[in-house]
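Asks: Everything below, folded, please.
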Amino acid sequence: MARQSRISIDSPLLTRLKKFDKALLRHVPSSYPIGGLYEVGLMLVRPTRSNHWCTPGNSLTFASTGADGTHFSFIAANGIANDRCPIVMTRPMEGDEPNIVVGESLFDFLCLGCRHGYRGLETAPSEGFFALYKSLKQEGEHAAALDEYQTSVLESLTNEFSLIPWKGPKTKYQRMQREFMKTLELPNDG
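Replies: I've put the predicted structure just below:
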């Protein structure tokens with residue numbers, strides 16, 4: 001499919017998220033080279049069109065996990081990326097299926113990762129992913145390996161934005177793939 005010529009952004013929630021991250025960065029323990037949301041797999045970037053071979057043409061990237069080129073983007077509608085747009089995760093290292101929908105909106109996406117972080121989303125749709133993101137606590141065999149600082153970042157994020165973890169992530173995940181994957185403008189050769 002052809003790439004949308006221009007995508008504009010209108011996301012008050014993303015603006016708030018950036019301000020929140022800047023506030024977090026004022027109080028980073030010395031043991032962390034970066035701090036803030038980056039430490040939980042949400043490295044915010046200036047919204048831009050990605051040049052990865054597999055990124056949907058109708059998307060605008062706003063964050064990455066900081067690993068293997070994995071990034072999060074709004075799925076723009078009619079050339080506009082806003083808080084109501086679905087969120088796609090693109091994993092260039094995944095080969096045949098690099099794109100998956102990870103939120104019905106930016107708020108919904110933030111809710112998904114609010115307990116276990118956003119780097120672990122790279123394991124979707126494995127059973128380990130569903131077990132981890134179904135759990136509301138940091139315990140058990142599928143718990144994310146988060147330290148005290150990372151846990152405090154996620155707790156602050158959850159409180160600041162009134163986030164509610166997903167209930168029944170497998171069912172919701174499957175429904176979102178059926179509903180939103182068809183809206184992605186995927187490269188012809190990807």
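
Asks: who's in contact with the spatially most central residue of the chain?
Replies: Nearest to the mean C-alpha position of the chain, counting by CA atoms, centre = their mean, stands residue 72 at 4.8 Å. Going by CB atoms under 8 Å, 6 or more residues apart in numbering, residue 72 touches 42, 61-65, 87-90, 102, 109, 118. Bear in mind the C-beta positions are built from the backbone N, C-alpha and C, glycine included.

Asks: which among these gets closest to residue 15?
Replies: residue 62 (10.8 Å; CB to CB).

Asks: helix/strand/coil for that closest one?
Replies: Secondary structure state of residue 62, per DSSP: H, G, I helix; E, B strand; the rest coil, is strand.

Asks: Pull up the gap between it and residue 30, please.
Replies: 29 Å (CB to CB, to the nearest Å).

Asks: give me every residue that touches the spatially closest residue to residue 92 that is not a sequence neighbour.
Replies: For residue 92, ignoring the flanking residues on the chain, the nearest one in space by CB to CB, 6 or more residues apart in numbering is residue 69 at 4.2 Å. By CB under 8 Å, 6+ apart, the residues touching residue 69 are 52, 90, 91, 92, 93.

Asks: who's in contact with the closest residue to the first one other than its chain neighbours?
Replies: Distance criterion CB to CB, 6+ apart; nearest residue to residue 52, sequence neighbours excluded, is residue 92 at 4.9 Å. Listed by CB under 8 Å, 6+ apart, the contact set of residue 92 reads 52, 53, 54, 68, 69, 70, 98.

Asks: Identify each buried residue in the lowest-mean-pLDDT helix or strand in the chain, please.
Replies: Within the chain, no helix or strand scores below helix 127-134, which has a mean of 82 by mean pLDDT, DSSP states H and E. By neighbour count on 16 or more other CB atoms under 10 Å, the buried set for helix 127-134 is 129, 130, 132, 133.
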